[in-house]
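>>> Got a sequence here, can you model it:
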Amino acid sequence: MAKRERVVRMSVEQPLWRALTAYRLLTMVYAVLLFAAAYKEFPRPGVAVGYLAFLAIWTFATSRKVANAASCTKGFLVADLTVAIVGIVLTPVADTQERITAGGSTLPTIWTAGAVLAFAIKGGWRWACFASTFVAAANLAIHTGQPTRDTLHNVLLVWVASVAIGYVVEVARASENTLARALEIEAATRERERLARDIHDGVLQVLAMVQRRGSELGGEAEELGRMAGEQEVALRTLVSSGLTQPSRVSRDESRGALVDTYEEEEPGGDDAELDLRTLLAPHAGSRVSFAEPGTPVPLPAPAAKELAAAVGAALDNVRKHAGDGARAWILVEDWGDEVIVTVRDDGPGIPAGRLDQAAGEGRMGVALSIRGRLRDLGGSADLVSVPGQGTEVELKVPRGRTDKR
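Numbers count the residues shown, from 1 in each chain. Alright, predicted model coming up:
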C-alpha cells in the first residue's frame with residue numbers, strides 16, 4: 001500500500017477556477033438585468049425569458065462543475081458551450097434584426113466567454129481556440145448583412161483572451177510540475193544524507209573494522225575481512241550514488257504541486273523504465289570500480305535488465321579467466337541517443353583466436369551471454385583484448401530501437 005506524505009500544496013490554476021465560477025454567476029445576473037431593462041423592445045420576449053430562465057438554472061446547477069479540473073469533464077464543456085451557442089442563435093428569434101445590426105447584445109451576452117474560458121483552463125490554448133471559433137461563427141451567423149465593427153471586435157477579443165489564458169495555464173502547469181520534481185529531489189537528498197550519516201556511523205565502521213582485523217589475523221578471518229571490505233565498498237557506492245525514483249505528481253492538477261513518497265514494488269512491464277545505475281551499482285566492490293553519470297540513465301525495463309545481465313556476464317568472465325587478483329572497472333555513459341557501458345579489467349588478456357576456439361568447443365559465454373543480448377536489443381558488443389594488458393568490452397544500446405520482447 002502506497003504511503004503518501006504531502007510536502008507542499010499550491011496551485012496557480014485553482015484560483016482561475018474560483019474566478020470562473022464567480023464570473024459565470026455575475027454574468028448570468030448581468031444578462032438577466034440587461035434583458036429586463038430592454039424588455040419592451042423585444043418583439044418576442046417569451047423566447048428570451050425562457051432561455052434566460054434556463055441559463056440561470058444551468059449556471060447555478062453546474063457551479064460545482066467548474067470548481068476544479070477534475071469535475072470539469074469534456075462532456076460538461078461541450079454541453080456548456082452548446083448552451084452559449086444556442087443563446088446566440090436564439091437572439092434573432094427574440095429580438096429584431098435592426099437592434100442586432102445596431103449593436104444589440106445577444107441573449108447570453110458576455111456569459112458566453114465563461115464557456116470558452118472553461119475550455120482554456122481545462123485544456124490549454126488549443127482547446128480555447130476550438131471553443132472560441134465556434135462562438136465566433138455563431139456571432140457572425142446571426143448577422144444577415146455585414147457584421148458591425150463592434151461584433152468583430154468582440155469576437156476577436158474573446159478569441160485572443162481565451163487563447164492567451166490557455167497558454168498561461170499550460171505554462172503554470174509546467175512550472176508546478178518542475179517545482180514538484182525539485183522539491184522531491186530535495187526531500188530525497190535530505191533523506192539520503194540522513195541515511196548516509198547513520199550508515200557511516202554504524203555499519204560502515206563495523207565492516208571496516210572487520211576487514212582490518214581479518215587482515216591482521218589471517219587464515220579464514222582474512223577471507224571474512226575481504227568479504228566485509230567488498231560489502232563496505234558496495235554500501236558506500238549505494239549511499240553516495242544519489243539514486244532517486246522517478247517523479248510522481250498528482251493526477252489531479254487542481255491540487256497543484258504535490259511531493260509524494262511511495263513504498264512499492266520494483267517497476268515492471270514493457271512500458272516501464274528503469275535507471276540502469278540501480279542495476280549496475282551492486283556489482284561495485286573492492287575489486288570492481290563503478291563510475292556513473294550524476295543523473296539517471298533511464299532505459300525500458302527489458303533493455304535495462306538485458307544490458308545489466310550482459311555486464312554481469314562480462315564480470316563473470318573476469319572472475320573466471322583474469323585471476324583472483326584482477327581488478328575491473330565499469331563505466332556508464334549516457335549520450336542521449338545511446339547508452340554505452342564499458343567493462344575493463346587488468347587481467348592477462350585473451351590470446352588471439354581464443355574466442356573462436358571457445359565457440360568451437362561449445363562455450364558460448366561471449367557469443368550468447370554478451371553479444372547475443374546486445375544484438376537482440378539492436379545494439380552491439382565490441383571486445384578488445386591485448387595479451388598482458390587486459391580486456392575491454394564496450395556495450396552499446398541505442399535508444400528508441402530496443403527490442404522489448
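>>> Which parts of the stretch 151-300 of the chain are strands?
Listed in chain order, the strands of the stretch 151-300 of the chain (DSSP state E, counting those that start in this stretch) span 273-275, 288-291, 298-300.
>>> And those: which comes nearest residue 387?
Comparison of the strands of the stretch 151-300 of the chain against residue 387 by Cβ to Cβ identifies strand 288-291 as nearest, at 22.3 Å. Placement of C-beta: from N, CA and C, glycine included.
>>> Would you mind checking the average pLDDT for the closest one?
Averaging pLDDT along strand 288-291 gives 88.
>>> cool, and stretch 393-400?
The model assigns stretch 393-400 a mean pLDDT of 89.
>>> mind listing what's buried in that stretch?
Buried residues in stretch 393-400, counting neighbours by 16 or more other Cβ atoms under 10 Å, are found at 393-397, 399.
>>> closest to residue 159 among those?
Nearest to residue 159 among these, counting by Cβ to Cβ, is residue 399 at 40.5 Å.
>>> and the residue lying closest to the closest one once chain neighbours are set aside, what is it in contact with?
Among residues not flanking residue 399 along the chain, residue 337 sits closest, at 5.7 Å (Cβ to Cβ, 6 or more residues apart in numbering). With contacts defined as Cβ atoms under 8 Å, 6 or more residues apart in numbering, residue 337 is in contact with 398-400.
>>> and residue 337, backbone torsions?
The phi and psi torsions at residue 337 (degrees, to the nearest 10) take the values phi -80, psi -10.
>>> Residue 129 now?
The phi and psi torsions at residue 129 (degrees, to the nearest 10) take the values phi -60, psi -40.
>>> Hmm, it is touching residue 159, no?
Yes. Assessed by Cβ atoms under 8 Å, residue 129 is found in contact with residue 159 at 7.4 Å.
>>> related to what we said a few turns ago, nearest to residue 314 among the strands of the stretch 151-300 of the chain would be which one?
Nearest to residue 314, of all these, is strand 288-291, at 10.8 Å by Cβ to Cβ.
>>> still on that earlier bit, mind checking how far the residue nearest to residue 399 is from residue 304?
Distance, residue 337 to residue 304, by Cβ to Cβ, to the nearest Å: 16 Å.
>>> How about residue 150?
62 Å.
>>> Looking at those two, which is more packed in?
Ranked by neighbour count (other Cβ atoms under 10 Å), residue 150 and residue 304 place residue 304 first, with 26 against 11.
>>> what sits against that one?
If a contact means Cβ under 8 Å, 6+ apart, then residue 304 has 273-276, 279 as its contacts.
>>> Show the average pLDDT along the strand or helix carrying it.
Secondary structure from DSSP states H and E places residue 304 in helix 301-321. Taken as a whole, helix 301-321 has a mean pLDDT of 86.
>>> What of stretch 159-168?
Averaged across stretch 159-168, pLDDT comes to 86.
>>> Just the buried residues of it, please?
Going by neighbour count (16+ other Cβ under 10 Å), the buried part of stretch 159-168 is 159, 161-163, 165-166, 168.
>>> Output it in PDB with nothing but the alpha carbons.
Provided in PDB are the C-alpha atoms of stretch 159-168 (Å, rounded to 0.1, in the frame of the first residue of the first chain):
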ATOM      1  CA  TRP A 159     -10.600  34.600 -29.200                       C
ATOM      2  CA  VAL A 160      -7.300  36.300 -28.200                       C
ATOM      3  CA  ALA A 161      -8.100  36.400 -24.500                       C
ATOM      4  CA  SER A 162      -9.100  32.800 -24.200                       C
ATOM      5  CA  VAL A 163      -6.000  31.600 -26.200                       C
ATOM      6  CA  ALA A 164      -3.800  33.700 -24.000                       C
ATOM      7  CA  ILE A 165      -5.300  32.400 -20.800                       C
ATOM      8  CA  GLY A 166      -5.000  28.800 -22.100                       C
ATOM      9  CA  TYR A 167      -1.300  29.400 -22.800                       C
ATOM     10  CA  VAL A 168      -0.700  30.900 -19.300                       C
END
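>>> That one: how far from the chain's middle?
Relative to its parent chain, stretch 159-168 has a centroid offset of 24 Å by Cα atoms, centre = their mean, to the nearest Å.
>>> Likewise for stretch 280-298?
25 Å.
>>> count of neighbours near the nearest residue to residue 288 once chain neighbours are set aside?
Excluding the flanking residues, the one nearest residue 288 by Cβ to Cβ, 6+ apart is residue 328, at 4.8 Å. If you count neighbours by other Cβ under 10 Å, residue 328 ends up with 24.
>>> Equivalent analysis for residue 206, please.
11.
>>> Which of the contacts of residue 337 sits closest to residue 191?
Residue 191 lies nearest to residue 399 out of those, by Cβ to Cβ, at 30.1 Å.
>>> which residues in the stretch 101-250 of the chain form helices?
Per DSSP state H, counting those that start in this stretch, the stretch 101-250 of the chain carries helices over the ranges 111-123, 125-141, 149-201, 203-217, 220-240.
>>> counting contacts, what elements does the longest one pack onto?
In terms of contact count using 3 or more Cβ pairs under 8 Å, 6 or more residues apart in numbering; DSSP states H and E, helix 149-201 is assigned the packing partners helix 111-123, helix 125-141, helix 220-240.
>>> can you tell me which of those helices comes nearest to residue 40?
For these, proximity to residue 40 was assessed by Cβ to Cβ; helix 111-123 is nearest, at 22.4 Å.
>>> Wait, residue 76 touches residue 62, no?
Yes. Using Cβ under 8 Å, residue 76 is in contact with residue 62, at 6.8 Å.
>>> So which of the two has more stuff around it?
Between residue 76 and residue 62, residue 62 has the larger neighbour count (other Cβ under 10 Å), namely 19 against 15.
>>> Contact partners for the more buried one?
76, 80.
>>> Kindly indicate which of the contacts of residue 337 lies nearest residue 297.
Using Cβ to Cβ, the shortest approach to residue 297 within the contacts of residue 337 belongs to residue 399, at 10.3 Å.
>>> give the contact list for that closest one.
By Cβ under 8 Å, 6+ apart, residue 399 lies in contact with 299, 336-339.
>>> How much space separates it from residue 333?
13 Å.
>>> got any residues that touch both of those two?
Residues touching both residue 399 and residue 333 (Cβ under 8 Å, 6+ apart): residue 339.
>>> Dump stretch 116-125 to CSV, restricted to CA.
Taking Å, rounded to 0.1, in the frame of the first residue of the first chain, the C-alpha atoms of stretch 116-125 are listed here in CSV:
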residue,chain,number,x,y,z
VAL,A,116,-14.8,29.5,-23.7
LEU,A,117,-12.6,30.2,-20.7
ALA,A,118,-13.6,26.9,-19.2
PHE,A,119,-12.1,25.2,-22.3
ALA,A,120,-8.9,27.3,-21.9
ILE,A,121,-8.4,26.5,-18.2
LYS,A,122,-9.1,22.8,-18.7
GLY,A,123,-7.2,22.0,-21.9
GLY,A,124,-4.9,25.0,-22.7
TRP,A,125,-4.8,27.3,-25.7
